Structure formats: C-alpha cells, structure tokens
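> Next input, structure requested:
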Amino acid sequence: MIEYIKGKLVSKKPANIIVESGGIGYYVNITVSAFESLGKTGDEVVIMTHLHIKDNPFGVILYGFSDEKERECFRQIISVSGVGPKTAITILSAMNYREFTDLISKNNYLPLTSISGVGRKTAERLGLELKDKVGKQDTDLSIDSLNKDKSGELGKAYEVVSALVTLGYNRPDADKMVKAVAGKNGFAEMSAEDIIKEILRGK
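As a prediction, this is how the structure comes out:
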C-alpha cells in the first residue's frame, strides 16, 4: 500500500493534484482540506494517501488527505456498506473530518443529507455503523505529534509505527509503544531500526 507520496507538486486543483516522485507523476484525488493544506505548484510536498482498487472496470485510484486523521476518517466512511470512495471524498470536502466526527458521535446524521450524493438512507447507515467507531483516536498519540520534524517532513516515528503495524501490532498499540520510547533521552539520536529493536525487546 502507498502510505504517502513525497515529491514535487506539478499540478494543483481543488479536486486533484499531480505529484512527481522518483520520475513518476502520481495523479491523486484529494479533499478540499488537502488542497488548502498544500503549498504552491513547484513546492516539495508530502501527501497522505489511500490506494483504492476497483473492479468492473478494473482501476487503481489514489486518494490524498491533509493528514492521517482525515485519511482514517475516510477509511471509516468507506467501511460502511454501500458507501464508496467518491462519496467519502465528497463528504470530507463538504465538511472537515472533525465536523463529521462530531455529527456522528452526537447521532446527528441529518445534516449529511444536504451533501450531494448522500441520501437519508446513506446518512442513516453512516450514523448507525460509525457511531461506535468515530472519535476513538487518542489525540495525544496522534502520529501528527510524533512523525514530523521542524521542516514538516515525515519522520522516523512514522516509519516505526508503520513497521510495527506490518509486524502485526494494531495501530493504537503501535502509537503507544512509539510514544513511550519517544519520551526517553536519546530518542532523537536513535535510528528507526534501533527504536524498533528496543520496542520489540521490551515486549
């Protein structure tokens, strides 16, 4: 899976961008929040992504987000039966993920019906299936507080969390383990490999 793309912003439109990385131009469908968070054309950018593979006809589509929490909200939305990525992108462009999470957590799904492509039945399904899922992330353990250095580039904490998830740990546990190590002296000097080894030895 393509977790993020880092490269030169070649084209920028409200609904999509093209990022050149490693000699390849990636076409990415984005939310309005992602559009607003990116710099100008020609800048080096980092965009969090979700790779979607569809059938009939077969296609591979990249979706991009302003940060990891917006992407997680997108993934929660498309987990709802009958709701596809286009609808999810539309929802997260009509409102930011915090507004969406707040509506669902309060069981107030009716405002969603004002969004193009979201009927009452779809809004009801979103409310029913996501009410116990949204808003569960611990903001103190957010990857945003761990994975970016002063220049805003994705850092080694993100690499470590991704490696732990690949090894079979769930995301919240991986975040907690990295946060625990990040509080120790010498964390800044440790390589991602050393951090992973220390975490695994401590289990």
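
> rest of the way, CA atoms for contacts and neighbours
Will do.

> And the next helix or strand past the longest strand along the chain?
Longest strand in the chain, counting residues (DSSP state E): strand 44-54. Counting by DSSP states H and E, the next helix or strand C-terminal to strand 44-54 is strand 59-65.

> Point out the other helices and strands that that next one packs with.
strand 24-30, helix 32-37, strand 44-54 (3 or more Cα pairs under 8 Å, 6 or more residues apart in numbering; DSSP states H and E).

> looking only at pLDDT, what's the mean for the longest strand of the chain?
Averaging pLDDT along strand 44-54 yields 93.

> Output it as CSV, nothing but the C-alphas.
Only the C-alpha atoms of strand 44-54 are listed here, as CSV (Å, rounded to 0.1, in the frame of the first residue of the first chain):
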residue,chain,number,x,y,z
GLU,A,44,8.0,19.8,-2.4
VAL,A,45,5.0,18.3,-0.6
VAL,A,46,4.1,15.2,1.4
ILE,A,47,0.5,13.9,0.9
MET,A,48,-1.0,11.1,2.9
THR,A,49,-2.7,8.6,0.5
HIS,A,50,-5.1,5.7,0.3
LEU,A,51,-4.8,3.3,-2.6
HIS,A,52,-8.2,2.1,-3.9
ILE,A,53,-8.6,-0.8,-6.3
LYS,A,54,-11.9,-1.1,-8.0
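
> Name the residues of that strand that come out as buried.
Buried residues in strand 44-54, counted by 16 or more other Cα atoms under 10 Å: 44-50.

> I appreciate the help and will end here.
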